[in-house]
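**Q** Kindly return the folded structure for what I paste below:
(one chain, ligands or ions: 1)
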Amino acid sequence: MNRRILLINGPNLNLLGTREPQVYGSTTLDDVVSSAKEQASKLSVHLESFQSNHEGAIVDRIQAAGVGGGVDAIIINPGAYTHTSVAIRDALLGVEMPFVELHVSNVHAREPFRKHSYLSDKATAVICGLGVHGYTVALEFAAKHMKIKDKAKL
Ligand SMILES: O=C1C[C@@](O)(C(=O)O)C[C@@H](O)[C@@H]1O
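**A** Next comes the predicted model:
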């Protein structure tokens, strides 16, 4: 069965392209998603994209994906919620969803508060500092290499 991957972008990532271009580059989120969908098609995987500035909406989307929601894996750029959100961590764990944590910037080379993630220790992989190319790498990994639950055995 073709894999079904959900791409989640958190707060302020809708501003990609204009937000601090010296940090995040000039590519818009729309362009990132368009490229990802083209890549997904070539990889024969189904890709859905979701962006929200609201923690609860992200939690709701993760829960919907996990409980019979037809998602095999999540790629998530949680934005600032990386550093604050136990709720998003609990949602991912609560539905036993394998996920890749992704950051456009190298969070470890920035302010001290960005060095902690509430998700990294539970992520299958963490990608940061590759710019928006990180989305391409994350999708390749999730589509071809990531261990996912065999739904048929559930
Ligand atoms: O909003 C973001 C974007 C980010 O997740 C990144 O993609 O580099 C890094 C976070 O620290 C920041 O709050």
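
**Q** drop to CA atoms for contacts and neighbour counts, all remaining ones
**A** Noted.

**Q** what does the chain put close to the ligand?
**A** Proximity of the chain to the ligand, by CA under 6 Å from any ligand atom, involves residues 12, 77, 78, 79, 80, 103, 104, 105, 107, 114.

**Q** In TSV, list the residues you listed along with neighbour count.
**A** Formatted as TSV, those follow (neighbours: other CA atoms under 10 Å):
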residue	neighbour count
12	15
77	24
78	27
79	19
80	16
103	22
104	21
105	19
107	16
114	16
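
**Q** Same list, those, but as a markdown table with distance to residue 95 and pLDDT please.
**A** Supplementary listing: these in a markdown table, determined by distance: CA to CA, whole Å; pLDDT from 0 to 100:
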| residue | distance to residue 95 | pLDDT |
| --- | --- | --- |
| 12 | 25 | 98 |
| 77 | 18 | 98 |
| 78 | 17 | 98 |
| 79 | 21 | 98 |
| 80 | 22 | 98 |
| 103 | 22 | 98 |
| 104 | 26 | 98 |
| 105 | 28 | 98 |
| 107 | 27 | 98 |
| 114 | 26 | 98 |
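
**Q** could you dump those to TSV with secondary structure and distance to residue 60?
**A** Listed next are those as TSV, based on DSSP: H, G, I helix; E, B strand; the rest coil; distance: CA to CA, whole Å:
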residue	secondary structure	distance to residue 60
12	coil	18
77	strand	16
78	coil	14
79	helix	17
80	helix	18
103	strand	21
104	coil	24
105	coil	26
107	helix	26
114	helix	24
